[in-house]
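Novice: with the sequence up front, the predicted model follows.
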Amino acid sequence: MKKVYILAVLCLICQSSWAQIRDFQTSRLTSTAGTGVASILTTESALLNPASAAFFQDSSASYQRNSASLKNQDRLRNSRPDKFPKDNVSHGYFLADHSGPLKGGVAYINQDENKYKRERMAIHAAAPMGESTSMGVSYRYTRDKLPNSQAHRHDTFHQVALGVVQIIDENTIVGAVLVDPTRTNPGDERLLGGFQYKIADKLMVLGDVGYQYTKAYNKAYLWSAALQINIFADFFIRGGQFFDNVRNFKGTGWGVSWIGPRLGIEFAQKYSDQFARNAYVYKDENIVDTSVSALIKF
């Protein structure tokens with residue numbers, strides 16, 4: 001009886017420390033460690049700030065492939081029920097239409113990570129509120145399937161995100177996003193703000209801050225920062241760092257991309273570790289996210 005009790009406690013710890021699958025990130029967001037609330041991005045409008053879609057004229061389609069692996073895996077996992085699977089692959093399909101006065105797009109995401117599965121469909125729209133201001137809204141339908149031990153259980157929820165972008169001048173952009181204001185999935189609600197500033201002709205700095213506004217700001221906050229270097233006309237190198245006190249993760253990211261007039265390809269990696277008590281990621285372990293993507297504009 002004592003052994004059964006111990007095993008039950010261990011299972012509860014594993015479930016509580018990894019309560020839900022991590023949010024999907026594109027190659028661009030992976031490279032900047034998630035930074036980009038104030039960036040003018042087309043594909044990422046479906047995931048982060050929908051307001052940035054208002055500044056585009058070309059339509060586009062994008063495919064994103066992400067994989068997650070565990071670096072320096074602790075040998076204790078071999079004798080415990082929380083062994084990290086080798087196959088953790090996620091796919092994202094994005095289509096954006098910027099041909100009319102109301103810009104927007106749709107996305108379909110299929111995630112498979114750490115015995116969790118997620119299907120998410122998203123639609124977003126944005127419109128200018130003047131020459132340098134835009135507002136946008138996104139709707140997300142999400143269906144999560146819990147690990148194999150609870151294969152009969154699903155979590156389904158609907159979420160809304162509201163965003164705004166303000167171009168201050170040719171060097172400075174600011175933005176903000178309110179995520180899940182109706183708290184359809186408690187724990188996801190947050191307020192994010194960010195900036196993008198061009199330091200020099202080929203160098204840009206980005207920064208985001210946010211917090212889970214239903215809790216004390218000093219107990220549920222997050223921040224991220226990144227640099228982007230433009231080499232030649234269409235080749236970019238990015239690097240970033242993040243700290244998330246809501247999900248208890250921290251880490252770094254980097255990536256490279258080539259964005260041509262009609263085509264683009266990107267590669268990025270992010271290294272994350274979890275610092276909470278009873279964390280799923282053990283001490284000295286890192287989650288390594290590898291992302292590749294292709295973009296076509298038309």
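Specialist: Okay, I see it. Numbering: from 1, shown residues only.

Novice: how about the strands in the stretch 1-150 of the chain?
Specialist: Ranges of strands in the stretch 1-150 of the chain, per DSSP state E, counting those that start in this stretch, are 60-71, 89-97, 103-113, 116-128, 133-145.

Novice: each with direction, which strands does the shortest one pair with?
Specialist: Based on DSSP bridges, the pairing partners of strand 89-97 within the sheet are strand 60-71 (antiparallel), strand 103-113 (antiparallel).

Novice: before we move on, the earlier item: JSON lines please, covering the strands of the stretch 1-150 of the chain and showing distance to residue 172 and mean pLDDT.
Specialist: Every C-beta, even on glycine, is put in place using the N, C-alpha and C of the backbone. Listed next are those as JSON lines, based on distance: least, Cβ to Cβ, whole Å; pLDDT from 0 to 100:
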{"stretch": "strand 60-71", "distance to residue 172": "25", "mean pLDDT": "94"}
{"stretch": "strand 89-97", "distance to residue 172": "25", "mean pLDDT": "97"}
{"stretch": "strand 103-113", "distance to residue 172": "22", "mean pLDDT": "95"}
{"stretch": "strand 116-128", "distance to residue 172": "18", "mean pLDDT": "95"}
{"stretch": "strand 133-145", "distance to residue 172": "13", "mean pLDDT": "95"}
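
Novice: deepest-packed of the ones you listed, please.
Specialist: A comparison of the strands of the stretch 1-150 of the chain by mean neighbour count, using mean count of other Cβ atoms under 10 Å, puts strand 103-113 on top with a mean of 21.

Novice: residue 200 is nearest to which of the strands paired with strand 89-97?
Specialist: strand 60-71 (27.9 Å; Cβ to Cβ).

Novice: convert the C-alpha atoms of the closest one to PDB, please.
Specialist: Extracted as PDB, the C-alpha positions of strand 60-71 are listed here (Å, rounded to 0.1, in the frame of the first residue of the first chain):
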ATOM      1  CA  SER A  60       1.800  34.600 -48.000                       C
ATOM      2  CA  ALA A  61       1.800  30.900 -47.100                       C
ATOM      3  CA  SER A  62       4.200  29.300 -44.600                       C
ATOM      4  CA  TYR A  63       5.100  25.900 -43.300                       C
ATOM      5  CA  GLN A  64       6.900  25.400 -39.900                       C
ATOM      6  CA  ARG A  65       8.300  22.200 -38.500                       C
ATOM      7  CA  ASN A  66       9.500  22.000 -34.900                       C
ATOM      8  CA  SER A  67      11.100  19.200 -33.000                       C
ATOM      9  CA  ALA A  68      11.900  19.000 -29.300                       C
ATOM     10  CA  SER A  69      14.600  16.800 -27.700                       C
ATOM     11  CA  LEU A  70      16.200  16.500 -24.200                       C
ATOM     12  CA  LYS A  71      19.900  17.300 -23.800                       C
END
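
Novice: contacts for that strand next, please.
Specialist: Strand 60-71 is contacted from outside by 24-27, 30, 42-43, 84, 86, 88-96, 98, 113-114, 271, 281, 285-298, using Cβ atoms under 8 Å, 6 or more residues apart in numbering.

Novice: please redo it, this time with the cut-off set to 6 Å
Specialist: 26, 42-43, 84, 88-96, 113, 285-297 (Cβ atoms under 6 Å, 6 or more residues apart in numbering).

Novice: cool, stretch 48-56 as well?
Specialist: With Cβ under 6 Å, 6+ apart, stretch 48-56 has contacts from 36-37, 40-42, 45, 98, 103-104, 124, 126-128, 134-138, 163-165, 175, 177.

Novice: for it, what is the average pLDDT?
Specialist: Averaged across stretch 48-56, pLDDT comes to 96.

Novice: may I have the distance across it, first residue to last?
Specialist: 16 Å (Cα to Cα, to the nearest Å).

Novice: tell me the buried residues in that stretch?
Specialist: 48, 49, 50, 51, 52, 53, 54, 55, 56 (16 or more other Cβ atoms under 10 Å).

Novice: closest one of these to residue 239?
Specialist: Of the buried residues of stretch 48-56, the one sitting nearest to residue 239 (Cβ to Cβ) turns out to be residue 48, at 18.3 Å.

Novice: ok, now how distant is the closest one from residue 23?
Specialist: Applying Cβ to Cβ, to the nearest Å, the value for residue 48 to residue 23 is 10 Å.

Novice: likewise residue 121?
Specialist: Shown here: residue 121 relative to residue 23, a distance of 15 Å by Cβ to Cβ.

Novice: where along the protein do the helices fall?
Specialist: 2-17, 27-31 (DSSP state H).

Novice: mean pLDDT lowest for which of those helices?
Specialist: helix 2-17 (a mean of 36).
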